[in-house]
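J.: Return a 3D structure for these sequence lines:
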Amino acid sequence: MGHKPTTLLDRLGALRGLLTISDEDYHAYMGSYGELFVGSPENPKADYEAGVPPTGYVQGSSDELQALYKVIHLMCTLGSVEKMYMPPEIDPDKSVLQNQILFERIMADDLQLQPGQRVLDLGCGCGAIAEHVADVTGAVPYGINLDKSQIDKAHKNPNLPAANFTVGDFNEPFQFGDAIFDAVFAVQPMTYISDHAFTFSEVMRVLKPGGRFVINDVAALDAYDRDNEHHRTLIQQTRELTVFGGFWYYQYWEDAYRNAGFELVSSVGRSAVGMIKKEVARFNRYERIFRALAKMRVIPKKTDALLQRLNQNTASYIAAEEAELLSLNWHCVGQKPG
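T.: A predicted model of the protein is given here:
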């Protein structure tokens with residue numbers, strides 16, 4: 001089922017992948033941060049009010065991005081975020097996975113799907129979110145993702161129609177005909193978009209009239225001041241922790257919908273601070289264990305280094321979201337007319 005927890009077998013498989021990572025994949029991953037997250041585009045509120053168009057994220061189709069996700073997926077599976085996103089805090093008393101379940105049910109309601117209809121997941125990862133949405137709604141899931149290793153994992157899932165999940169890039173023309181999907185969604189891949197107008201127009205093209213497009217992704221908020229050095233540091237360190245690309249004021253997302261011809265149904269941000277604190281506590285435990293094992297030469301030092309790199313800058317993200325500089329979960333719902 002789409003809401004199954006990450007199992008011990010899943011985590012052992014991820015651990016095995018990290019322990020046996022090749023030198024080539026290790027260096028590609030560690031080097032990807034310098035390629036992907038230095039000089040990344042950002043357009044805060046001041047740009048929006050001045051009429052500056054959003055600057056696209058040009059590395060969104062790069063080999064470096066594929067190298068990053070090939071490894072980071074293993075580390076997320078080791079934790080609670082195999083689905084590759086940090087959910088908004090719907091119920092603070094529940095776990096990260098339980099909040100993912102709650103959020104995905106909200107999103108399924110937003111999509112307004114009926115049994116047998118087709119739904120496309122952009123940046124689908126290994127298909128776990130699409131699986132859950134299909135389970136809740138009875139829809140037929142499809143997905144595209146840049147990272148082949150995650151698509152390979154989707155193909156091994158007996159609950160997913162393997163032929164519907166393919167390697168694909170939402171910065172390129174979609175390999176689908178016109179008006180064939182009843183809904184499209186994207187959960188935290190859209191900061192890798194290189195041209196807002198192009199991708200939103202492609203979604204509009206493949207949607208049937210009346211179909212909905214839901215995104216849930218990072219957005220800059222009113223309080224973020226690009227001229228404030230402390231703000232810039234918090235956002236840059238948050239970018240490296242949560243591996244988002246472009247950083248755009250939330251109204252740019254709203255305009256992308258309207259400019260493509262969508263009717264904007266809703267647009268709202270939700271905090272994920274409580275969820276990140278839960279996940280940080282887990283990874284802090286892992287990091288202490290890995291460091292000790294590496295010192296004893298039980299595991300390779302590079303495995304410990306991978307976890308340390310991922311777990312850097314957690315305090316900066318918490319500070320940035322508590323100061324309302326950004327939302328990791330800005331949620332927009334648009335509908336194609338007709």
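
J.: mind listing what Leu234 touches?
T.: Applying C-beta atoms under 8 Å, 6 or more residues apart in numbering to Leu234 gives the contacts 316-317, 319-320, 323, 325. Any C-beta I mention is one placed from the backbone N, CA and C, and that applies to glycine too.

J.: need the residues you listed in CSV with pLDDT, can you?
T.: Listed next are those as CSV, based on pLDDT from 0 to 100:
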residue, pLDDT
Ser316, 90
Tyr317, 90
Ala319, 93
Ala320, 95
Ala323, 96
Leu325, 98
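
J.: Local confidence estimate at Glu82?
T.: Looking at Glu82, its pLDDT is 72.

J.: And Lys4, by the same measure?
T.: Lys4 is assigned 62 on the pLDDT scale.

J.: In a helix, Gly210, correct?
T.: No. In this structure, Gly210 is strand, not part of a helix, as judged by DSSP: H, G, I helix; E, B strand; the rest coil.

J.: Next, count neighbours for the nearest residue to it once chain neighbours are set aside.
T.: In this structure, Gly210 finds its nearest non-sequential neighbour in Gly338, 5.5 Å apart by C-beta to C-beta, 6 or more residues apart in numbering. By other C-beta atoms under 10 Å, 10 other residues sit near Gly338.

J.: Surely Gly338 and Pro209 touch.
T.: Yes. Contact criterion C-beta atoms under 8 Å: Gly338 and Pro209 qualify, at 2.9 Å.

J.: how about the helices of the stretch 101-250 of the chain, start to end?
T.: Applying DSSP state H, counting those that start in this stretch to the stretch 101-250 of the chain gives helices spanning 128-137, 148-155, 196-206, 229-242, 250-260.

J.: Of those, which is nearest Val298?
T.: Minimum separation from Val298 across the helices of the stretch 101-250 of the chain (C-beta to C-beta) falls at helix 148-155, 26.1 Å.

J.: Of all the residues in that closest one, which ones are buried?
T.: With burial defined by 16 or more other C-beta atoms under 10 Å, the residues of helix 148-155 counted as buried are 149-151, 153-154.

J.: Please identify which of the residues you listed is nearest to Thr233.
T.: Using C-beta to C-beta, the buried residues of helix 148-155 come closest to Thr233 at Gln150, 31.4 Å.

J.: For the closest one, give me its contacts.
T.: Gln150 makes contact with 69, 73, 124-126, according to C-beta under 8 Å, 6+ apart.

J.: In CSV, list those residues along with distance to His196 and neighbour count.
T.: Converted to CSV, the contacts of Gln150 look like this (distance: C-beta to C-beta, whole Å; neighbours: other C-beta atoms under 10 Å):
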residue, distance to His196, neighbour count
Tyr69, 22, 24
His73, 26, 21
Cys124, 20, 30
Gly125, 22, 26
Cys126, 26, 26
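
J.: Which of these sits closest to Ala139?
T.: Once C-beta to C-beta is applied, the member of these that ends up nearest Ala139 is Cys124, at 13.7 Å.

J.: hmm, back to that, dump the helices of the stretch 101-250 of the chain into JSON lines; add distance to Thr77 as well.
T.: As requested, the helices of the stretch 101-250 of the chain are exported to JSON lines (distance: least, C-beta to C-beta, whole Å):
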{"stretch": "helix 128-137", "distance to Thr77": "10"}
{"stretch": "helix 148-155", "distance to Thr77": "9"}
{"stretch": "helix 196-206", "distance to Thr77": "27"}
{"stretch": "helix 229-242", "distance to Thr77": "16"}
{"stretch": "helix 250-260", "distance to Thr77": "29"}
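
J.: Comparing those, which comes out most buried?
T.: helix 128-137 (a mean of 24; mean count of other C-beta atoms under 10 Å).

J.: hang on, the earlier thing: what score does the residue nearest to Gly210 have for pLDDT?
T.: With respect to pLDDT, Gly338 has a value of 90.

J.: before we move on, back to that, out of the contacts of Leu234, who's the most crowded?
T.: Greatest neighbour count in these, by other C-beta under 10 Å, goes to Ala320: 29 neighbours.

J.: isn't that one right next to Leu326, touching?
T.: Yes. Using C-beta under 8 Å, Ala320 is in contact with Leu326, at 5.6 Å.

J.: any shared contact partners between those two?
T.: Residues touching both Ala320 and Leu326 comprise 235, 238, with contact defined as C-beta under 8 Å, 6+ apart.

J.: ok so, going back, quick one: which of the contacts of Leu234 is nearest Leu310?
T.: Nearest to Leu310 among those is Tyr317, at 12.2 Å by C-beta to C-beta.

J.: Is the closest one in contact with Ile276, as I believe?
T.: Yes. Counting by C-beta under 8 Å, Ile276 is a contact partner of Tyr317 at 6.1 Å.

J.: Name the residues contacting each of the two.
T.: Joint contacts of Tyr317 and Ile276 (C-beta under 8 Å, 6+ apart) are Leu328.

J.: Understood, closing this out.
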